[in-house]
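1. I would like the atomic coordinates for the input below:
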Amino acid sequence: MDHGRTSAPPAAGPHGRRLRAGIALALGAHLATILVAWPLALFYPKEAVDGGFGEHPAPLDVYLPALISGQAVLATVALGCGIAGAVRRERGTGLGVLTGWAAGLLLCPGAAYFVGLTLVRIY
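-> The predicted structure follows:
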């Protein structure tokens with residue numbers, strides 16, 4: 001009889017640590033795509049851009065394609081590594097990368113929108 005006591009939760013094994021590491025890796029990669037595109041847009045000369053997005057300032061003409069290209073590369077790499085890791089015996093890391101990539105898809109647009117607003121306000 002346990003008299004209402006509950007046992008402590010099991011300690012996270014290597015599978016749990018690898019899962020969390022994969023999630024952190026994928027979320028960090030989403031953040032990196034934003035942090036790489038932002039300086040590109042800031043330091044790109046305004047005169048070199050033809051204003052292809054209409055009324056938007058020139059930095060958005062550089063920021064949006066750089067961000068979308070970075071996210072496309074990230075999707076390819078994350079899906080490839082995540083599926084390969086899940087198929088092999090490294091399921092924690094593979095599933096973590098897939099989970100983090102999917103979570104980043106939900107969080108990244110908000111952060112990217114905020115960065116785009118700062119670019120508009122700077123110029």
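2. please count neighbours and contacts with C-alpha atoms only from this point.
-> Noted.
3. which intervals of the protein have sub-threshold pLDDT?
-> Scanning the chain for pLDDT under 70 picks out the ranges 1-14, 45-58, 123.
4. show me where it has its helices.
-> Remark: helices assigned in the chain by DSSP state H are 14-43, 58-87, 91-122.
5. dump those into TSV; add mean neighbour count as well.
-> Listed next are the helices of the chain as TSV, based on neighbours: other C-alpha atoms under 10 Å:
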stretch	mean neighbour count
helix 14-43	18
helix 58-87	18
helix 91-122	18
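6. identify the residue nearest the spatially most central residue of the chain in space, chain neighbours excluded?
-> Here the mean C-alpha position of the chain is nearest to the C-alpha of His30 (C-alpha atoms, centre = their mean), at a distance of 1.6 Å. Closest residue to His30 apart from its sequence neighbours, by C-alpha to C-alpha, 6 or more residues apart in numbering: Gly104 at 6.1 Å.
7. so who does the one you found touch?
-> 26-27, 30 (C-alpha atoms under 8 Å, 6 or more residues apart in numbering).
8. from Val87, how far out is it?
-> According to C-alpha to C-alpha, to the nearest Å, Gly104 stands 22 Å off from Val87.
9. repeat for Ala72
-> 22 Å.
10. now swap in Ala75 and tell me
-> 18 Å.
11. you'd agree Asp34 is up against Ala112?
-> Actually, residue 34 is Ile rather than Asp. Yes. Using C-alpha atoms under 8 Å, Ile34 is in contact with Ala112, at 6.4 Å.
12. assess the claim that the residue nearest to the centre of the chain and Ala72 are in contact.
-> No. Counting by C-alpha under 8 Å, His30 does not reach Ala72; the two are 10.7 Å apart.
13. find residues that contact each of these two.
-> Common neighbours of His30 and Ala72 (C-alpha under 8 Å, 6+ apart) do not exist.
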